[in-house]
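**Student:** predicted structure and sequence below. I'll ask about it afterward.
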Amino acid sequence: MKLAVCAIARNEASYIVEWIAYYKALGFDEIFVYDNVSDDGTSEWLAALDKVGEINREHWPRLANIPPQRSAYEHFIAHHGRRFDWALICDLDEFLVCDTSVRDFILQGMKARPDVKAFGVPWLIFGADGQEEQRPGLVIERFTNCKAEVDKTIKSLFSPRHAMRMRTHICDLIQGEYLTSAYEQPLWSDVIPIEIENATFGHATMHHYYTKSREEWVRRRTNPKADRGEISFSNVKRFDQYKSLPERREVAPEILSIVKYIHEELTNLVTHHRFADLKPELIYYSSTDIVLIVPGADSTTPVRVTFEDGIEDVYYPNKDSAQGLVYWVGHRFAPNGRLFKASVVGSLHVMDSAVANILDPMIKLDNLLAYLPTYEEAIYVATLRACGSEDDFRAVRAKIQPERFIQFKEYADVWRGILAAADGASPLVPTDVQRSMLDKHLTNFLKPYCQL
């Protein structure tokens with residue numbers, strides 16, 4: 001019997017490794033996480049764990065008017081479902097708890113009702129244990145305060161080969177029947193189709209760590225909800241209803257011990273991976289180019305670049321320079337003011353263009369001369385833009401001679417004319433082609449030397 005678990009994640013850096021470790025401890029064969037473009041380090045963790053073969057990560061940006069959660073689940077069923085006998089789809093705050101093992105729970109259900117193809121497992125909702133701030137430790141260890149009875153709301157453990165689609169909580173079966181976790185036929189609610197009226201503890205429950213601490217609740221409620229096409233936010237005032245709940249339940253000590261061990265192993269795999277300490281550096285950017293280097297990288301080192309609109313791609317060093325390997329992101333994803341982040345796949349270190357884009361024009365020019373010394377168009381533009389003052393002009397003049405521009409003679413002619421005008425000759429009168437180029441790139445300091 002082959003088992004898979006699937007979830008969608010956004011900004012779950014504090015919890016993602018624990019959730020993965022838990023389902024590994026339960027014996028699930030493969031774990032699928034759809035990455036809804038996080039900005040808190042979750043994406044880097046997922047990319048790294050995918051790199052070392054511990055999970056399957058799918059990049060899953062939000063599209064206009066399409067709920068990313070349901071579309072992710074449909075993708076899982078369509079593209080991966082047939083490889084598994086049973087699959088669980090749940091959230092990152094939901095932990096399946098069975099009387100014995102997951103496989104035994106399924107086998108006993110099949111014994112009771114041979115045609116079963118899905119189980120509706122009820123929520124058991126956990127609250128805050130009176131905790132106001134986030135504390136160190138695992139979620140399943142920090143919170144033991146729960147309701148006395150299971151909720152009517154269910155999550156589904158099902159046979160993906162017999163399911164048409166997933167509706168977040170329930171699936172549409174092509175054939176076969178649903179059972180409750182007590183191996184009974186469910187009495188479905190007439191009002192809310194994800195609820196069953198005869199929910200009991202049965203042989204399995206879904207521990208739903210609904211609030212966690214107040215600090216975590218508030219932070220989470222300000223994240224866009226993944227089950228909506230539009231961006232919406234949950235009510236932050238609901239927390240007080242779950243601040244203290246009447247019952248106490250703990251995860252079995254043997255499971256907790258295994259989870260802690262796997263959690264440490266996964267953390268070590270990522271933090272001691274051969275790419276773990278590598279971080280991209282931005283050396284040049286323009287409307288058509290992003291150029292990165294990674295000190296210590298080799299030709300097999302992948303870099304993941306993600307833009308603010310969710311577009312993502314992975315690059316390998318594709319240019320050899322005198323100073324080392326260079327990563328180039330070209331016209332298709334050229335920034336044009338767009339923010340982006342870059343990280344080595346397997347590393348948690350992120351280069352954020354919101355910080356890196358403060359590159360000084362002179363530094364840009366120096367980087368081009370060092371790493372891409374024959375990229376004449378970029379050097380020409382950088383030359384003009386670096387001349388912001390008389391001191392800058394003198395520094396650039398010492399670096400750039402007209403003879404440097406071999407392939408594009410017009411660049412040499414423009415720079416030669418500017419230098420001559422600066423030495424007292426008549427202002428440069430550019431050709432029509434040169435004029436259009438100068439209009440875009442000439443600094444205020446250089447304008448007196450050009451008759452535009």
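**Tutor:** Right, received. Where do you want to start? Residues are numbered from 1 along each chain as shown.
**Student:** flag the shaky bits of the stretch 151-300 of the chain, pLDDT-wise.
**Tutor:** Within the stretch 151-300 of the chain, the stretches falling below the threshold (pLDDT under 70) are 223-236.
**Student:** would you map the strands across it?
**Tutor:** In order along the chain, the stretch 151-300 of the chain carries the following strands (DSSP state E, counting those that start in this stretch): 154-158, 163-167, 170-173, 177-180, 204-209, 247-248, 281-285, 290-293.
**Student:** residues making contact with the longest one?
**Tutor:** Read that as strand 204-209. By Cβ atoms under 8 Å, 6 or more residues apart in numbering, the list of residues contacting strand 204-209 from outside reads 90, 93-99, 105, 119, 121-126, 139-140, 143, 146, 150-151, 154-155, 157, 181, 249, 251. No exception for glycine: its C-beta is placed from N, CA and C like everyone else's.
**Student:** buried ones among those residues?
**Tutor:** 90, 93-98, 105, 119, 121-126, 139-140, 143, 146, 150-151, 154-155, 157, 181, 251 (16 or more other Cβ atoms under 10 Å).
**Student:** among these, which ones are in strands?
**Tutor:** Using DSSP state E to define strands, the subset of these located there is 94-98, 119, 121-126, 146, 154-155, 157.
**Student:** pick out whichever of the residues you listed sits closest to Lys399.
**Tutor:** Checking those against Lys399 with Cβ to Cβ, the nearest one is Glu94 at 59.6 Å.
**Student:** need the pLDDT of the closest one.
**Tutor:** Per-residue confidence for Glu94 comes out at a pLDDT of 98.
**Student:** residue contacts, it?
**Tutor:** Glu94 makes contact with 123, 155, 206-209, according to Cβ under 8 Å, 6+ apart.
**Student:** looking at those residues, which one is closest to His441?
**Tutor:** Here the nearest of the contacts of Glu94 to His441, counting by Cβ to Cβ, is Tyr209; it sits at 55.5 Å.
**Student:** tally of neighbours for that closest one?
**Tutor:** Applying other Cβ atoms under 10 Å, we find 22 residues neighbouring Tyr209.
**Student:** what's the answer for Val433, then?
**Tutor:** Using other Cβ under 10 Å as the criterion, Val433 is surrounded by 10 other residues.
**Student:** do you know how far it is from Ala412?
**Tutor:** Using Cβ to Cβ, to the nearest Å, Val433 is found at 13 Å from Ala412.
**Student:** what of Ala112?
**Tutor:** With distances defined as Cβ to Cβ, the gap from Ala112 to Ala412 amounts to 85 Å.
**Student:** and these two? which has more neighbours close in?
**Tutor:** Under the neighbour definition other Cβ under 10 Å, Ala112 and Ala412 were set side by side, and Ala412 has more, 18 against 13.
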